[in-house]
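1. have a look at this prediction, sequence included:
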Amino acid sequence: MKMAHIIAAGLAALGLTATASALEGDAHAPEKREWIFSGPFGTYADGDHGERYQLQRGLQVYQEVCASCHSLDLISFRNLGQAAGPFWDERFENPNDNTVVMQIAANYQIWDGPNDDGDMFQRPGIPADYFPAPFENEQMARAANAGALPPDLSLIVKARSHGADYIYALLTGYGEAPEGTDLSPGQYYNEYFTGGAIAMAAPISFDGQVEYADGTEATVEQMAEDVTVFLAWASDPHMEARKSMGLMVLLYLFVFAILVYLAYRQVWANVEH
Ligand code: HEC
């Protein structure tokens with residue numbers, strides 16, 4: 001491994017480098033935004049005692065607005081209570097015991113089975129279950145969305161160049177199509193989407209679309225930001241552990257370098273050179 005690679009890997013581990021190259025095609029490049037999780041010290045905590053209110057609000061927006069079309073296949077309910085997750089609570093060492101997580105899971109009906117009669121049946125969710133998908137299969141999803149497939153959102157922030165900046169810009173970037181744009185029925189104009197024509201109507205379209213449990217005013221921008229932060233967490237739930245490990249490694253290397261220098265001085269102290 002060359003030194004440059006090692007340094008690049010170190011910086012990437014700390015989240016210091018930009019993730020992406022320019023967007024392809026003719027889409028408008030999204031504006032760069034300051035995120036709660038940006039930089040080597042950024043975390044998802046915004047409460048006085050480490051609470052993650054923004055993640056909780058983002059989860060609410062996902063559940064109430066996006067989940068009718070988009071799955072979140074890779075996230076289980078227990079993930080919500082894991083370290084650095086929206087409902088992380090140190091009182092519950094095992095997120096399966098987290099009462100908030102249990103409550104959220106129980107609000108879902110999960111398909112299970114077959115039972116002894118060979119039938120599939122539904123039961124309330126438990127923390128070990130995954131978020132259920134809104135459609136049974138891809139064909140049904142497409143049929144309900146003018147032929148377009150709403151992608152799974154588990155990794156969407158990692159899967160798009162400009163990551164969170166792009167998702168936020170997309171959610172707030174709907175507008176009048178310029179003269180001469182070709183929009184088929186079921187398509188909408190969004191300057192941040194490659195080609196401009198997207199088969200998703202603006203999902204967040206008016207202030208107060210959700211009523212936040214924590215009393216935060218639900219403006220369009222606030223909801224778009226909150227759900228983007230939630231999706232950023234979903235696509236990288238171990239970011240906080242990774243960053244603090246990166247900082248520890250740097251600290252260790254710094255102390256080690258001093259020790260090596262002192263040892264060098266000691267070894268050569270009595271040698272004429
Ligand atoms: C009524 C259904 C519907 C709802 C509700 C909905 N979407 Fe979509 N979404 C779609 C469809 C369909 C596509 C695919 C669009 C296309 O390929 O033209 C899509 C695409 C996307 C994409 C991918 C864009 C890309 O670059 O490929 C993102 C990100 C997205 N939606 C986020 C969200 C978020 C966040 C919410 C909730 C705030 C949401 N969507 C709510 C139907 C929906």
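-> Received it, and whenever you're ready, just let me know what you need.

2. tell me which residue lies nearest the centroid of the protein.
-> Nearest residue to the geometric centre of the chain (C-alpha atoms, centre = their mean): Ala232, 1.9 Å.

3. quick check, it in contact with Ala164.
-> Yes: if you go by C-beta atoms under 8 Å, Ala232 and Ala164 touch, sitting 4.9 Å apart. Where you see a C-beta, it was placed from the backbone N, CA and C, and this is true even at glycine.

4. ok, the closest residue to Glu211 other than its chain neighbours - contacts?
-> Spatial nearest neighbour of Glu211, excluding adjacent residues (C-beta to C-beta, 6 or more residues apart in numbering): Ala218 at 6.6 Å. Contacts for Ala218 (C-beta atoms under 8 Å, 6 or more residues apart in numbering) come out as 207-212.

5. about what we covered before: which residues do Ala232 and Ala164 both contact?
-> Common contacts of Ala232 and Ala164, defined by C-beta under 8 Å, 6+ apart, comprise 35, 157.

6. what segments of the stretch 151-273 of the chain are strands?
-> Per DSSP state E, counting those that start in this stretch, the stretch 151-273 of the chain carries strands over the ranges 188-189, 197-198.

7. and Val100, which of those is closest to it?
-> Closest to Val100 of those is strand 197-198 (C-beta to C-beta; 34.5 Å).

8. what packs against that closest one?
-> Where contact means 3 or more C-beta pairs under 8 Å, 6 or more residues apart in numbering; DSSP states H and E, strand 197-198 is packed against strand 188-189.

9. quick one, which of the contacts of Ala218 are buried?
-> Buried members of those, counted by 16 or more other C-beta atoms under 10 Å: 210, 212.

10. any idea how far the nearest residue to Glu64 once chain neighbours are set aside lies from the ligand?
-> The shortest distance from Glu64 to any non-neighbouring residue, by C-beta to C-beta, 6+ apart, is to Val210 (5.0 Å). Between Val210 and the ligand the computed distance is 10 Å (C-beta to the nearest ligand atom, to the nearest Å).

11. what's near enough to touch Val210?
-> 60-61, 64-65, 218, 223.

12. likewise Asp119?
-> Contacts of Asp119 by C-beta under 8 Å, 6+ apart are Gly113.

13. show me the contacts for Asp226.
-> 54, 57-58, 60-61.

14. go through the top helix by length along the chain and flag the buried ones.
-> Across the chain, the longest stretch assigned as helix under DSSP state H is helix 239-267. Using 16+ other C-beta under 10 Å as the test for burial, helix 239-267 gives 239-240, 243, 246.

15. which among those residues gets closest to Trp88?
-> Glu240 (9.8 Å).

16. what does the stretch 101-250 of the chain put close to the ligand?
-> Contact residues (C-beta under 6 Å from any ligand atom) of the stretch 101-250 of the chain with the ligand: 145, 148, 150-151, 156, 160, 167, 170-171, 198-200, 203-204, 227.

17. again, only using 5 Å
-> Neighbours of the ligand within the stretch 101-250 of the chain, by C-beta under 5 Å from any ligand atom: 145, 148, 150, 156, 198-200, 203, 227.

18. can I get those residues in CSV with pLDDT, neighbour count and distance to Glu179?
-> Putting these into CSV (pLDDT from 0 to 100; neighbours: other C-beta atoms under 10 Å; distance: C-beta to C-beta, whole Å) gives the following:
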residue, pLDDT, neighbour count, distance to Glu179
Asn145, 94, 16, 27
Ala148, 96, 15, 24
Pro150, 98, 19, 29
Ile156, 98, 21, 31
Ile198, 96, 20, 19
Ala199, 96, 16, 21
Met200, 97, 21, 23
Pro203, 98, 19, 26
Val227, 98, 28, 32
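
19. taking those one by one, which sit in helices?
-> Counting by DSSP H, those contribute 156, 227 to helices.

20. got the residues of the stretch 101-250 of the chain next to the ligand as TSV, with distance to Asp48 columns?
-> Compiled in TSV, these are given as follows (distance: C-beta to C-beta, whole Å):
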residue	distance to Asp48
Asn145	42
Ala148	43
Pro150	37
Ile156	31
Ile198	39
Ala199	42
Met200	37
Pro203	32
Val227	23
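
21. so what's Tyr174 up against?
-> Counted by C-beta under 8 Å, 6+ apart, Tyr174 has contacts 188-190, 202, 205.

22. quick one: which of those is nearest Gly39?
-> Among the contacts of Tyr174, and counting by C-beta to C-beta, the member closest to Gly39 is Asn190, at 28.6 Å.
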